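Chemist: just need the structure, nothing else, for what follows:
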Amino acid sequence: MKTLQLLIATLVLSATVSLAGSNLPNITPQQASQYLGKKAVVTGRVTEVISNEKGNFIKFAKKGSHGFTAVILDASRSQFPNYENMQRLTGRNISVSGRIDRDMDGNPNIIVDSRGQIRLAK
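Modeler: Residues are numbered from 1 along each chain as shown. This is a model prediction of the structure:
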């Protein structure tokens, strides 16, 4: 429980300044493909977090389906204390800011390289 509280506190404190007052459009994960190549804030419920040697993949689509993913590559994990416990974000609403691109399968994603790009949503 303390680990979850630390993860939540870190996300809230580090991102509040970054996302607050930003002029970026606030969109849903389903709208992300309409904003390819543009910066936006994507807000939605995390359905699954996959962690492997390449990074953490925070998914916003139902298991087995394709959709928006926030990606924290292995090289950026040091920016996230307790990154190994990100599975605890499953079921929570979060906001992710950044440039929306496509992954290798053509699905929209944001590459997250700083804590300020993620925060818990209301």
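
Chemist: what segments of this protein are helices?
Modeler: For the chain, the helices defined by DSSP state H cover 2-19.

Chemist: next, the contact list for the spatially most central residue of it, please.
Modeler: Closest residue to the average C-alpha location of the chain: Ala70 at 3.9 Å, with C-alpha atoms, centre = their mean. Contacts for Ala70 (C-beta atoms under 8 Å, 6 or more residues apart in numbering) come out as Val42, Phe57, Ile58, Phe60, Ile94, Val96, Asn109, Ile110, Val112, Gln117, Ile118. (Glycine included, C-beta is placed from N, CA and C.)

Chemist: out of those residues, which end up buried?
Modeler: Among the contacts of Ala70, those classed as buried by 16 or more other C-beta atoms under 10 Å are Val42, Phe57, Ile58, Phe60, Ile94, Val96, Asn109, Ile110, Val112, Gln117, Ile118.

Chemist: which residues sit in contact with the second one?
Modeler: Spelled out, it's Phe57. Contacts for Phe57 were tallied using C-beta under 8 Å, 6+ apart; they are Val49, Ile50, Ser51, Thr69, Ala70, Val71, Ile72.

Chemist: spell out the residue ranges of the strands in this protein.
Modeler: Taking DSSP state E as the test, the strands found in the chain are 26-27, 39-45, 48-52, 55-59, 69-73, 93-102, 108-111, 118-120.

Chemist: what bridges to the residue nearest to the centre of the chain?
Modeler: The partner list for Ala70 in beta bridges (DSSP bridges) reads Ile58, Ile110.

Chemist: look at it and report its pLDDT.
Modeler: For Ala70, the model assigns a pLDDT of 97.

Chemist: using a markdown table, lay out the contacts of Ala70 together with distance to Asn82.
Modeler: Below are these laid out as a markdown table (distance: C-beta to C-beta, whole Å):
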| residue | distance to Asn82 |
| --- | --- |
| Val42 | 22 |
| Phe57 | 17 |
| Ile58 | 14 |
| Phe60 | 21 |
| Ile94 | 15 |
| Val96 | 18 |
| Asn109 | 22 |
| Ile110 | 20 |
| Val112 | 15 |
| Gln117 | 16 |
| Ile118 | 13 |
